[in-house]
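# let's see this in three dimensions:
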Amino acid sequence: MASQPSELDTVFETARRFLETAPVGTPTLERVWSRAGAESVVAGQLIDPPLARLKELTAPDRAWDNQPWPPEHIVDRGRCVADCHLLAIALGDLDWLEQLDGVWEPAPVAYEWHLLARGQIGLGLERGGARSPTSWTEDDIELLLETGELVRDDPAGRAWMALTAGDMSAARAATEAFHAAVDRWTEGWPAARGAELQRVLGAPGSILRVELRALTALVAHR
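Purely as a prediction, here's the structure:
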């Protein structure tokens, strides 16, 4: 988010100022997500980015355009593309999921990002009755644990692993624990200042609860 908050600013004030001063011009995927996160904070409810714009910006010829990039830009873009596939899972949008599965294949990111994304997308495609193009093996999960993309002590990580294993009781319990953790994080926004405030507003996908919504949709379907 472009605006740099002071130590006295609140999340609401910083989000409102961002919306007032956001640059005008061709939107990037990062700007579209940042705006949706700020709008959600100001409105006090989830406001998803325009889906048509997200689909346009994650088309195969657009998702990773304008390379070479500095490393931090690759990370930001990767997070936004990941937020898109999590939102697509939450919405049950199989056409978009299939598009995003292909987008991840040439992504200029570390292998474990590919592996995490395409396994999550595979679970989403299975939910819709499509054959999963990618599912995690035990070795895949071990690698994701070693690299920190999945964490056993994190309820979201436990939920993804339980879904892969077909253990729906564990998946539901982990998703409920994740829901409680997200609620606690949200309740802490009013007290956020400085660096913590920037971390909140720098994670629009988390503001919009896309991972929780994706897991909730997968658990509800099975």
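# tell me which other helices or strands the helix or strand of the chain with the lowest mean pLDDT touches.
None of the helices or strands of the chain scores lower by mean pLDDT, DSSP states H and E than helix 194-201, at a mean of 77. Contact partners of helix 194-201 among helices and strands, from 3 or more Cβ pairs under 8 Å, 6 or more residues apart in numbering; DSSP states H and E: helix 11-21, helix 29-43, helix 204-207. Where you see a C-beta, it was placed from the backbone N, CA and C, and this is true even at glycine.
# next SSE after the longest one?
For helix 29-43, the succeeding helix or strand toward the C-terminus, using DSSP states H and E, is helix 51-57.
# excluding its backbone neighbours, what's nearest the residue nearest the centre of the chain?
Closest residue to the average C-alpha location of the chain: Asp83 at 2.7 Å, with Cα atoms, centre = their mean. Nearest residue to Asp83, sequence neighbours excluded (Cβ to Cβ, 6 or more residues apart in numbering): Gly205, at 3.3 Å.
# equivalent analysis for Ala181, please.
Using Cβ to Cβ, 6+ apart, the nearest residue to Ala181 is Pro155, at 6.0 Å.
# tally up the residues packed near that neighbour, please.
Applying other Cβ atoms under 10 Å, we find 20 other residues in the vicinity of Pro155.
# where does pLDDT dip in this protein?
The model of the chain has pLDDT under 70 over residues 1-8, 66-69, 128-134, 222.
# state the distance from the residue nearest to the centre of the chain to Leu57.
From Asp83 across to Leu57, the span is 12 Å (Cβ to Cβ, to the nearest Å).
# tilt between the helix or strand harbouring Ala220 and helix 29-43?
Element membership of Ala220, judged by DSSP H and E, is helix 210-221. Helix 210-221 and helix 29-43 are oriented at 80 degrees to each other (axes from the mean of the first three to the mean of the last three Cα atoms, to 10 degrees).
# name the residues of helix 210-221 that come out as buried.
Of all the residues in helix 210-221, those buried under the rule 16 or more other Cβ atoms under 10 Å are 210-219.
# show me the one of the helices and strands packed on helix 194-201 that comes nearest Glu112.
With Cβ to Cβ, the closest approach to Glu112 among those belongs to helix 204-207: 18.3 Å.
# hmm, back to that, which strands and helices lie in contact with the helix holding Ala220?
Judged by 3+ Cβ pairs under 8 Å, 6+ apart, helix 210-221 is in contact with helix 71-91, helix 111-127, helix 155-165, helix 168-187.
# would you list the ones you listed in CSV and tack on distance to Ala36?
Converted to CSV, these look like this (distance: least, Cβ to Cβ, whole Å):
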stretch, distance to Ala36
helix 71-91, 10
helix 111-127, 20
helix 155-165, 21
helix 168-187, 16
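# isn't Thr175 up against Arg213?
No: Thr175 lies out of contact with Arg213 (Cβ atoms under 8 Å); the separation is 10.3 Å.
# how about the nearest residue to Arg213, chain neighbours excluded?
That would be Ala90: by Cβ to Cβ, 6+ apart, it lies 3.7 Å from Arg213.
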